[in-house]
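# Can you look at this prediction? I've put the sequence above it.
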Amino acid sequence: MTENTSEPSAEVDKDDEESVNNIRFSPPVFRQRYSAALDVAKKSKVKSVADFGCAECKMLIMYKNILNLERLVGVDIDQELLRLHGYRAKPLMHEFIVKPRNIQLHAQVFCGSIANLDDRLRDVDMVSAIELIEHLYPDVLEKVPKTIFGFIRPKVALITTPNGEFNKYFGFSPGQFRHWDHKFEWSREQFKQWCDNCCNKYGYDVEISQIGFLGFQSKEDREQVTGGCSQMALFTLKHQQLEEEERIKSDGQLYETIVDVLYPFDERSQTQRIIHEMSYVISRLTRESELLAELVYEPQKAVMPLEKFLEFPILKQQIEGDVQMLEDVFKLRATAEFAGIELVCDESGCKSFVKWIHPYDNSPSETEEDFNQWSSEQVAENTDTNQCSTVDVWSNNARQVDEADVKIEMGS
C-alpha cells in the first residue's frame, strides 16, 4: 500500500504538553484524555470501537479491557509505527489461560487514511480521534466529518484537540504551536463552531468539555477565560439510522490489514463464571480458619465481608464491581454450590458470608445452629470419656500437625 504522506500520524507516545517549559499536570494530560475516552466507552456500553490515529496502539490497550466489547479497530497512516506496535492489540499469554472474556473480541489494526471510506468500519458503535485532527492538512480535515458522521455514523464519537487559548501558560508567542506537526490549534470558539457544523449536517448532538487544568487556575479561568489544556467533544447520534439507499457509499476495503486476531473467551455463562470465582475466593478466605481449626481441633467461624471479594481482580471484573451481584448469585444457588454458607448483615449494614469450619471435616460446613448441636455432642462425649482437653483428643486420634509448618502456611 502506498503511504499517504499528506496525513501525518498523531504522536501519542508521550504527552507533548508535559515537555513544554517544565509544565506538569497531575495526572498527565494524555492519561486524562485516555481515561475520558475509556469512561465514555464503558458508560455508553458500546460493542465496537474504532480509534483513528491509534499510532502506538496505547488507547487500544485500554479499550480491550472492556470485557463486553466485541470488536476493536485501530487506524493510522503510519505503517512502520503500526508494524512496530501493533502487537499491543493482540491478546496476552495469560488471556489464553485465564480467559477473562465472556464474549469473543475481534481486534484489527489497519493502515490507512481517515479520508478513505473503508467498508469494514461502517456501523461501528463508537469512534475516537484523540489529538488527531490538528495534525491533518485542510484537504484531509475537510473529509473527517463525512467519514465519521456521514459514513460510519457511530452512536457515540469522541474527538479531542489542543485548546489554543491555553498556550499562554506555555509562554508561547502568537501563532506558535505545541508540536512541529500541528497545522492549527483552535480556540474554544473555533472548535465549537466546527463541532456545531458537523452536528447540523449529520444529525448529532455535542457536548464540549475541557481537560487538563493547572493548580493555580481559578474557577473563572477554567470555565470562562482560558479553559483547559485540551478540549473534548462528545457527539451522540440524534437521528435514526439512514435507509440503505440514503447511506454514503464506501470506497471498498482500502485499508491495509496489519493485525487481525480473535481473542480467546470462556463459553461458560456469566453466572457460572461468577459462581466458580466465588467458590475460589471463599476457599482462599477460609484457608486460615481451616488451618486454625486443625491446629486447635475446634470449629472456627470464618466471616467474609462482601467488600473483601472485590480484592480479587477476575471476580471484580465479572461482577463489574457490584457486590449486589454476589448476593444475587448466592441467593440463586445457595443450596447447591454454597451449602453451609450464610449471608448475614451486621448492625452497621455490612453484609458478609459466614462459614463454620470444622476440624478435619471435608463435608460442607454447617450453619450456626448445626455448630451449636455439634458443640453439645462434643461436650457430652468428652464428659463420658473424662477427656477435658481438646489437645488430648487431637493427639489420641493421631492427628498431629507440625505447628511450625502451619504457622508458615498461615503467614503465606
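Right, received. Where do you want to start? In this text the structure is predicted, and so the values were computed from the model without any measurement. Numbers count the residues shown, from 1 in each chain.
# Next, count neighbours for residue 196.
14 (other CB atoms under 10 Å). To be clear about C-beta, it is placed using only N, CA and C from the backbone, and glycine gets the same treatment.
# Not including adjacent chain positions, what is the nearest residue to it?
Excluding the flanking residues, the one nearest residue 196 by CB to CB, 6 or more residues apart in numbering is residue 206, at 7.1 Å.
# Unless I'm misreading it, residue 358 sits right up against residue 293, doesn't it?
Yes. With contacts counted by CB atoms under 8 Å, residue 358 reaches residue 293, the gap being 6.5 Å.
# Give the residues shared as contacts by these two.
residue 299 (CB atoms under 8 Å, 6 or more residues apart in numbering).
# Contact partners for residue 197?
Counting by CB under 8 Å, 6+ apart, residue 197 has contacts residue 145.
# Is it located within a strand, as I assumed?
No. Residue 197: not assigned to a strand; according to DSSP: H, G, I helix; E, B strand; the rest coil it is helix.
# Residue 312 touches residue 277, doesn't it?
Yes. Assessed by CB under 8 Å, residue 312 is found in contact with residue 277 at 7.2 Å.
# Same drill for those two, tell me which one is more crowded.
residue 277 (20 against 16).
# now the helices: where do they sit in the stretch 301-412 of the chain?
Secondary structure of the stretch 301-412 of the chain (DSSP state H, counting those that start in this stretch): helices at 313-318, 323-333, 368-385, 390-396, 403-411.
# Show residues contacting the shortest one.
Among residues not part of helix 313-318, those counted as contacts by CB under 8 Å, 6+ apart are 67, 98, 100, 270, 273-274, 277-278, 280-281, 309-310.
# Out of those, flag the one nearest to residue 202.
Residue 202 has its nearest neighbour among those in residue 67, at 31.0 Å by CB to CB.
# So for the closest one, what's the nearest residue that isn't a sequence neighbour?
residue 101 (5.5 Å).
# Next up, the contacts around that neighbour.
Contacts of residue 101 by CB under 8 Å, 6+ apart are 67, 95, 263-266.
# go on, residue 165?
Taking CB under 8 Å, 6+ apart, we find residue 165 in contact with 187-188, 226-227.
# shaky segments in the stretch 151-300 of the chain?
240-246 (pLDDT under 70).
# And the helices in it?
Going by DSSP H, counting those that start in this stretch, the stretch 151-300 of the chain shows helices at 188-202, 219-220, 270-285, 287-296.
# hang on, the earlier thing: does the residue nearest to residue 196 touch residue 194 like I think?
No. The pair residue 206 / residue 194 is not scored as a contact, 10.0 Å apart, by CB under 8 Å.
# Among the contacts of helix 313-318, name the buried ones.
For those, a burial check counting by 16 or more other CB atoms under 10 Å picks out 100, 270, 273-274, 277-278, 281, 309-310.
# tell me the strands in the stretch 101-250 of the chain, going along the chain?
Along the stretch 101-250 of the chain, counting by DSSP state E, counting those that start in this stretch, strands occupy 106-111, 126-130, 156-162, 204-211, 230-237.
# will you turn the ones you listed into JSON lines that also has mean neighbour count?
JSON lines is the format used below for those (neighbours: other CB atoms under 10 Å):
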{"stretch": "strand 106-111", "mean neighbour count": "22"}
{"stretch": "strand 126-130", "mean neighbour count": "25"}
{"stretch": "strand 156-162", "mean neighbour count": "25"}
{"stretch": "strand 204-211", "mean neighbour count": "16"}
{"stretch": "strand 230-237", "mean neighbour count": "21"}
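# who are the neighbours in contact with residue 319?
Contacts of residue 319 (CB under 8 Å, 6+ apart): 274, 325-326.
# mind checking how far residue 152 is from residue 276?
Per CB to CB, to the nearest Å, residue 152 is found 39 Å from residue 276.
# Let me have the strands of the stretch 101-250 of the chain in TSV, adding distance to residue 80 as columns.
Converted to TSV, the strands of the stretch 101-250 of the chain look like this (distance: least, CB to CB, whole Å):
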stretch	distance to residue 80
strand 106-111	9
strand 126-130	20
strand 156-162	24
strand 204-211	29
strand 230-237	27
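# among these, which is nearest residue 59?
strand 126-130 (6.3 Å).
# and the end-to-end length of stretch 23-30?
Distance between the two ends of stretch 23-30: 13 Å, counting by CA to CA, to the nearest Å.
# and what of stretch 170-181?
End to end - CA to CA - stretch 170-181 spans 17 Å.
# Now do the buried residues in that stretch.
The neighbour-count check on stretch 170-181 (16+ other CB under 10 Å) flags 172, 177-179 as buried.
# same question, stretch 38-57
38, 40-41, 44, 46, 48-57.
# of all those, which two lie farthest apart?
Distances among the buried residues of stretch 38-57 were taken as CB to CB; the most separated pair is 44 and 56, at 24.5 Å.
# Break this structure into its domains for me.
16-262, 270-411 (automatic domain parsing).
# and those domains, which is most packed in?
domain 16-262 (a mean of 18; mean count of other CB atoms under 10 Å).
# Which residues are in contact with residue 258?
Applying CB under 8 Å, 6+ apart, the residues near residue 258 are 79, 82-83, 86, 109-111.
# Now distance to residue 342 too, for those residues, in TSV please.
Shown next, in TSV, are the contacts of residue 258 (distance: CB to CB, whole Å):
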residue	distance to residue 342
79	60
82	55
83	57
86	51
109	50
110	54
111	58
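# Out of these, the closest to residue 23 would be?
Once CB to CB is applied, the member of these that ends up nearest residue 23 is residue 82, at 30.1 Å.
# gap between the closest one and residue 139?
Residue 82 is 23 Å from residue 139, by CB to CB.
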